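[1] Got a predicted structure plus its sequence, pasted below:
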Amino acid sequence: MEFFTILLSGLLGILSPAGLVIDSVAENAIRDQLEDVEQLEVRVDNAPSYQILQGKVQRVRIAGRGLFPVEALRIDTVEVETDAIAIDPDRLQEGQAALEQPLQAGIRLVLKQADLNQALQSPEIAEQLRDFSVNLVSRSGAEELQRYDFIDPQIEFIDNDSAGSTVLGRIRIQVILREQETQEDLQILAELGLEKTSALQLQIVEPIVRANGEPVPRQLIQPLIDGINQQLNLNNLETFGITARLLQVELTPEALNLAAFVQIRRP
């Protein structure tokens, strides 16, 4: 939602002096909100061109490679194509909800395995993974809070080679959890199936988790899996005035490919 607000604000704040190229202004508005961009192309279709001052745009197409929303995280590919856009420029400048009709767009996103691993190894992400807290139950039945640091996290995408299975593929995660007080290491290996159960829901299924080579009981990890699956439900976006539907999800050893339809009812 914020991405489209940035784009629209850049477009509709234009006074359109002679010779101004709308595409370039829109592109710069997007670049200004990102840490870095390798390639970015923006095409604004608007005929007649004076309609931009009235808050009307026929279509916006965005194609980007190597986009960094934060310093350490690279998104390999972003493609966006909108339907017609209609906004009240006066209300937008006043910071009010300005969409005169829902904004609809098709989005394609590619996240590469190599980029995710590079992000996990970066100082910025490593700092956020420090001081990981877990509530454990001791033998006496009392809850104990233990703090861990993530050491050398790695992620791997695995093809699904089971005929007839609805699982798109598996995600293998390896990490060392170092207990802060004792400095003892716990080697974690997790394999998680990824399934598209509907246009609204991606789901983690068939989890297998081992700690120092020993299987972790399903009842211990299921609350965590349930929490992740709840976050992967696109119905959560309705609170923000966004309707989203997954059109395609593909998991290969190289990348996670997503295609979706998005409708924004208010900026």
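    All right, it came through fine. Numbers count the residues shown, from 1 in each chain.

[2] Can you classify residue 130 as helix, strand or coil?
    Reducing the assignment to helix, strand or coil with DSSP: H, G, I helix; E, B strand; the rest coil, the entry for residue 130 is coil.

[3] Look at it and report its pLDDT.
    With respect to pLDDT, residue 130 has a value of 72.

[4] what's the distance between the residue lying closest to it once chain neighbours are set aside and residue 182?
    Take residue 130 and drop its neighbours on the chain: the residue closest to it by Cβ to Cβ, 6 or more residues apart in numbering is residue 149, 5.2 Å away. (Each C-beta comes from the backbone N, C-alpha and C, glycine too.) Residue 149 sits 12 Å away from residue 182, going by Cβ to Cβ, to the nearest Å.

[5] the more surrounded of the two?
    A direct count of neighbours by other Cβ atoms under 10 Å for residue 149 and residue 182 places residue 149 higher, at 16 against 8.

[6] Going by secondary structure, that one is in what exactly?
    Under DSSP states H and E, the secondary-structure element containing residue 149 is strand 143-159.

[7] quick one, the helix or strand just after that strand and strand 143-159 angle?
    The first helix or strand that comes after strand 143-159 along the chain, using DSSP H and E, is strand 167-179. Taking axes from the mean of the first three to the mean of the last three Cα atoms, to 10 degrees, one finds strand 167-179 and strand 143-159 inclined to each other by 140 degrees.

[8] how far does the longest helix along the chain sit from the chain's center?
    For the chain, the helix with the greatest residue count under DSSP state H is helix 218-231. Taking Cα atoms, centre = their mean, to the nearest Å, the mean C-alpha location of helix 218-231 is offset from the chain mean by 20 Å.

[9] For whatever helix or strand comes next after it, which residues meet the burial criterion?
    Note on helix 218-231: by DSSP H and E, the next helix or strand toward the C-terminus is strand 242-251. Buried residues in strand 242-251, counted by 16 or more other Cβ atoms under 10 Å: 242, 243, 244, 246, 249, 251.

[10] Lowest-confidence one in these?
    Ranking these by pLDDT, residue 242 lands last with 85.

[11] Relative to residue 123, how far out is that one?
    Relative to residue 123, residue 242 is positioned 33 Å away (criterion: Cβ to Cβ).

[12] Then residue 111?
    20 Å.

[13] More neighbours: the two, which one.
    Taking neighbours as other Cβ under 10 Å, residue 111 and residue 123 compare with residue 111 leading, 17 against 9.

[14] Quick one: list the elements packing against the longest helix of the chain.
    Counting contacts by 3 or more Cβ pairs under 8 Å, 6 or more residues apart in numbering; DSSP states H and E, the secondary-structure elements packed against helix 218-231 are strand 201-211.

[15] The strand it packs on vs strand 242-251, what angle?
    Here the directions of strand 201-211 and strand 242-251 differ by 50 degrees (the same axes, to 10 degrees).

[16] Can you list the buried residues in strand 201-211?
    202, 203, 204, 205, 207, 209.

[17] Check stretch 222-230 too.
    Neighbour counts using 16+ other Cβ under 10 Å place 225, 229 of stretch 222-230 among the buried residues.

[18] Could you measure from residue 181 over to residue 216?
    The spacing between residue 181 and residue 216, counted by Cβ to Cβ, is 21 Å.
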